[in-house]
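**Student:** this is a predicted model, with the sequence first.
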Amino acid sequence: MHLSNSCPKREIIICDPFSQDSFEKVDPVLDKPFSYEQFSDTKEKNVRDLFVKRNRKCLVVPGYFPNSLLEKDISPVSFVHLDVDTYQATRECLDYLMNCEFILKKSLIVVDDYNRMAEGVNKTVSEIVLPRQDWFVVPMFPSQALLIPIHWYVPR
């Protein structure tokens, strides 16, 4: 909802498993701050109602991203707030986002839990983003990273 407040007329796409088993895999070393049960109280209807009550446009997609979107016809997006917490989920999402047509050439990605004792998130950024020559990583206080494509700085 906070993201929607910044651009109330734009559609927000919300992807979440909405299940008792919110995480597909939690690594006991890399994903220490998180547990399977931690976010099991999120309900699809509650999220949808939150947006409907405020007359906001949203597409709520149940399931694990990116697989949940593979059958959907969605235009490329300009901003992604990635808050999936664990190593495996962050890796799958960033690998997909940086190698697909889902995001625009100058899209921004905010990765949550960066530099927050979530070693899996830090490790994924180190493995997927830092080796690339086409994205910058900008740490943001208190615990996020802004991923900026080099296209913001290099003339076409």
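**Tutor:** Perfect, I can see it now.
**Student:** all strands of this protein, in order?
**Tutor:** Using DSSP state E, the strands of the chain run over 12-16, 58-62, 77-82, 103-112, 135-140, 144-149.
**Student:** tabulate these (JSON lines), appending distance to residue 27.
**Tutor:** Bear in mind the C-beta positions are built from the backbone N, C-alpha and C, glycine included. Below are the strands of the chain laid out as JSON lines (distance: least, Cβ to Cβ, whole Å):
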{"stretch": "strand 12-16", "distance to residue 27": "20"}
{"stretch": "strand 58-62", "distance to residue 27": "24"}
{"stretch": "strand 77-82", "distance to residue 27": "18"}
{"stretch": "strand 103-112", "distance to residue 27": "17"}
{"stretch": "strand 135-140", "distance to residue 27": "21"}
{"stretch": "strand 144-149", "distance to residue 27": "19"}
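**Student:** between these, which one is nearest to residue 42?
**Tutor:** strand 12-16 (6.2 Å; Cβ to Cβ).
**Student:** using PDB, write down the CA coordinates of the closest one.
**Tutor:** Presented in PDB, the C-alpha positions along strand 12-16 are these (Å, rounded to 0.1, in the frame of the first residue of the first chain):
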ATOM      1  CA  ILE A  12       0.400  -2.500  -8.400                       C
ATOM      2  CA  ILE A  13       1.100  -6.200  -9.000                       C
ATOM      3  CA  ILE A  14       1.400  -8.200  -5.800                       C
ATOM      4  CA  CYS A  15       2.800 -11.700  -5.900                       C
ATOM      5  CA  ASP A  16       2.700 -13.900  -2.800                       C
END
